[in-house]
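Engineer: Generate a structure from the sequence data that follows.
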Amino acid sequence: MSEAVAQPALPEMPAPPDPVQLVESLLFVAGEPVSMAQIAKALDLPAEAVAEALDALEAQCIGRGVRVQRHGEQVQLVSAPESARAIARFLGVQASGRLSPAALEVLAIIAYRQPLTRAQVDAIRGVDSSGTLRALLARDLVSEAGRLETVGRPILYATTSLFLQQFGLTSLTDLPPMEISLPTANNQAIVGQ
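Structural biologist: As a prediction, the model looks like this:
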């Protein structure tokens, strides 16, 4: 009689990865902004589950070296803004030139009022902004966001994900509230007649 040979037990299969872990892995390997729809399709998850996983990942990243950055429907992992100096030193990168006051002004106008045309920026500033806008486009801080449906179909401009990254924002909602005070004659409010 032959003895029965015992079969080795199969190792237990690991539990399926947590959606937060999967989303983090995808953002890590992407290396550039991806849409929430792309993540949902890749993971075969509903959009709501991806949004919940992103919220959880964002909360987990607080106080760590990476952050979740959102720009509209685009999402990516970025280094923490407070690490910029050490990262630049590590990479041997020289700090790029600072933005001029005019560039900061145009950038702020676009950030708070986007999308808008160059003519709208000019009307707010009271001066021509074409050169400054070209400089911001070259630095990839603003980009074309479409065309206005009017005569001439002027280009609409909006901020980019690099803008968020450079200014340490995870989304446009992180911009500080804007307070507008209009100067009046003799500091008195102008009242309609």
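
Engineer: Below-threshold pLDDT in this protein: ranges please.
Structural biologist: Residues of the chain that meet the criterion pLDDT under 70 lie in 1-6, 10-11, 13-16, 92-97, 180-193.

Engineer: May I have stretch 17-26 as CSV, with CA atoms only?
Structural biologist: Output in CSV follows, covering the C-alpha atoms of stretch 17-26 (Å, rounded to 0.1, in the frame of the first residue of the first chain):
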residue,chain,number,x,y,z
PRO,A,17,-5.1,46.3,-2.2
ASP,A,18,-6.9,49.2,-0.6
PRO,A,19,-8.1,51.8,-3.1
VAL,A,20,-6.1,54.5,-1.4
GLN,A,21,-2.9,52.4,-1.9
LEU,A,22,-3.8,51.7,-5.5
VAL,A,23,-4.5,55.4,-6.3
GLU,A,24,-1.2,56.4,-4.6
SER,A,25,0.7,53.8,-6.7
LEU,A,26,-0.8,55.1,-9.9
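
Engineer: residues of that stretch that come out buried?
Structural biologist: Of all the residues in stretch 17-26, those buried under the rule 16 or more other C-beta atoms under 10 Å are 19, 20, 22, 23, 24, 26. Just so you know, the C-beta spots here come from the backbone N, C-alpha and C atoms, and that holds for glycine as well.

Engineer: Repeat that for stretch 99-106.
Structural biologist: Buried, per 16+ other C-beta under 10 Å, within stretch 99-106: 99, 103, 105, 106.

Engineer: And for it, what's in contact with it?
Structural biologist: Contacting residues not belonging to stretch 99-106 are listed as 107, 121, 125, 129, 132, 133, 135, 136 [C-beta atoms under 8 Å, 6 or more residues apart in numbering].

Engineer: Give me the buried subset of those residues.
Structural biologist: The buried subset of the contacts of stretch 99-106 - by 16+ other C-beta under 10 Å - is 107, 121, 129, 132, 133, 135, 136.

Engineer: how is this protein carved up into domains?
Structural biologist: Domain ranges of the chain: 19-84, 96-174, per automatic domain parsing.
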